[in-house]
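1. The amino acid sequence is not available; the structure is as follows:
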């Protein structure tokens, strides 16, 4: 049986939980019987965690324990949650004298007695102001919390509990202007900490109310953040002279620094603004953290303010001598400089600069594989592993034209702006002819035989040749990649390779699409597939420098699901065309593997979505046989 068209929807404001819907969840020995009413599949996980942590509880009705996942949360309940978060993470100690201090004030505003201890502490900590209390009740009943009010209260609690996290600035939400001025910095703080996010349109919806399922996600994530920031002891109560705060770093996070053989922890006044120096040069806290995590020995001198908070840090990194030279080998596990190989601990942790710009390691690796000559300086940690790479490209340029003169010391191209190029060592040149690796002597023989030769010459800024790719008049070659763009005169692959098109009618096209008979075998079909944003991996063959054949397969497609069953998905693309793609035996949905053992649960999960929404947009990854191997929303 197939199903009608619907939409994957994400809960507005809070980060999504897990993938597949479950049966009612047990929490602290209690089974909530109404979790089939959650607003989105997966909310059960956060509800269970919030209950296990003692932050949220259910109630008993007709002999069953229920959670009321869709009920609204009041401002009084929000304050209660802020209080529980601080107490349960040992950021706050309950104090009856504080409750007594504020008792008369709370009675004046008719605050329910059960909320007095929590609200009193929030008043004491300036999480809530007295002027706020008039809005807590509505005709004798607790007022429902809007998203912005709840987030402001919890954000103020977070700032009070973790002083190193300072609220400020604005948000990047599309409806930022609708967020009240007082709430905006605290919403920005929680967004920065990945506690809250926007809806599918990038909006925060500040005036909407908050349900208990969304709240469970929020407080569960906040609890994790508070616990992770609670491991360090308090800063020493007695001020220490800055000049004496020197030593080897034994522990380090975004929030604090601890020296070896010391029980003292020193917090950053604001880790985003503290002055950071590394080996006498301006640096960043992120760079220090990467070095520390990579095992680099760091000796630091701290400058503290009057509250013993770090306002400046000067670090000397004890690394081995920097190594400089051309990169002659590169992989995700090692890098070779002038023939000597150095290991990487984890390529993702290596700090890479290419031509002065911060890049990831994969970018450097791709550049090397593209044949670009790179000169690099490596920094090693104490384990003799690479922790930092500063690379520069050795400038080169490419010119294409007909060879009009060729000798062991120069090559001349017709039609190039700079026609003459110097050859320093013909025997060391990289030479290909019609796509096959050859020698410079082979090229000379062709030229001496009066063959018409077109060549692409790669040279440095001084016009010294490093590579010659030559084609004869009746030449052919091929290349493989994903189509990046297509016009009537040019086809371009990802990575920069482009091919000239002389005649669309003269190109043989055969591209498989899925497992059904919807293959792409004409120019019009190919143009349509490109308009539909399909990912198409192809082999492009050329003859005499023009495209002659395109073969391959669709490896990715995006669209809206309008039908599905246990074997396949039917989608509609942006051009309103319908396609059917079959599931592989195993496939991924986000980070979850779907196979024969749990496919029924997956289909049940799909059914739940289809009951709630009507526009499921997905991106499918297809394998070499055209079957679905991954679904992303």
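-> Structure received. None of the values given here were measured: they were computed from a predicted structure. Numbers count the residues shown, from 1 in each chain.
2. okay, CA-based contacts and neighbour counts for the rest of this
-> Will do.
3. Name the next helix or strand downstream of the lengthiest helix in the chain, please.
-> Longest helix of the chain, by residue count under DSSP state H: helix 212-228. Of the helices and strands lying after helix 212-228 in sequence (DSSP states H and E), the nearest is strand 246-252.
4. Shouldn't residue 441 be within a helix?
-> Yes: counting by DSSP: H, G, I helix; E, B strand; the rest coil, residue 441 is part of a helix.
5. Mind pulling the model confidence for it?
-> In this model, residue 441 is scored at 91, pLDDT.
6. So what's the residue count around it?
-> 13 (other CA atoms under 10 Å).
7. give the contact list for it.
-> With contact set as CA atoms under 8 Å, 6 or more residues apart in numbering, residue 441 has no partners.
8. Let me know the distance separating it from residue 535.
-> When CA to CA, to the nearest Å is the yardstick, residue 441 and residue 535 sit 42 Å from each other.
9. State the paired neighbours of the helix or strand containing residue 303 in the sheet, together with their directions.
-> Take DSSP H and E as the rule and residue 303 turns out to sit in strand 297-304. Looking at strand 297-304 with DSSP bridges, its partner strands are strand 246-252 (antiparallel), strand 310-318 (antiparallel).
10. nearest residue to residue 372 other than its sequence neighbours?
-> If you skip the residues right next to it in sequence, residue 372 has residue 393 as its closest partner in space, 6.8 Å away by CA to CA, 6 or more residues apart in numbering.
11. now do residue 166
-> Excluding the flanking residues, the one nearest residue 166 by CA to CA, 6+ apart is residue 159, at 6.0 Å.
12. What is the helix or strand hosting the one you found packed up against?
-> Residue 159 is part of helix 147-161 when elements are defined by DSSP H and E. Judged by 3 or more CA pairs under 8 Å, 6 or more residues apart in numbering; DSSP states H and E, the packing partners of helix 147-161 are helix 75-88, helix 184-192, helix 212-228.
13. Flag the shaky bits of the stretch 401-550 of the chain, pLDDT-wise.
-> Applying pLDDT under 70 to the stretch 401-550 of the chain flags the ranges 415-418, 460-462, 473-477, 496, 517, 544.
14. on that earlier part again, for the helix holding residue 159, what is the average pLDDT?
-> In this model, helix 147-161 has a mean pLDDT of 93.
15. what's stretch 403-422 in contact with?
-> For stretch 403-422, contacts defined as CA under 8 Å, 6+ apart pick out 399-402, 423-426, 444, 447, 452-455, 459, 463-465.
16. List the buried residues in that stretch.
-> Residues of stretch 403-422 classed as buried: 403-404, 406, 410-414, 419-422 (neighbour count, 16 or more other CA atoms under 10 Å).
17. Pick out the most distant pair among these.
-> 414 and 422 (15.1 Å; CA to CA).
18. can you count the residues close to residue 625?
-> Summarising burial for residue 625: neighbours were counted as other CA under 10 Å, giving 14.
19. Now do it, the pLDDT please.
-> You'll see residue 625 listed with a pLDDT of 89.
20. Please, which helix or strand holds it?
-> For residue 625, there is no enclosing helix or strand under DSSP H and E.
21. so what's it up against?
-> When contacts are counted by CA under 8 Å, 6+ apart, residue 625 touches 514-515.
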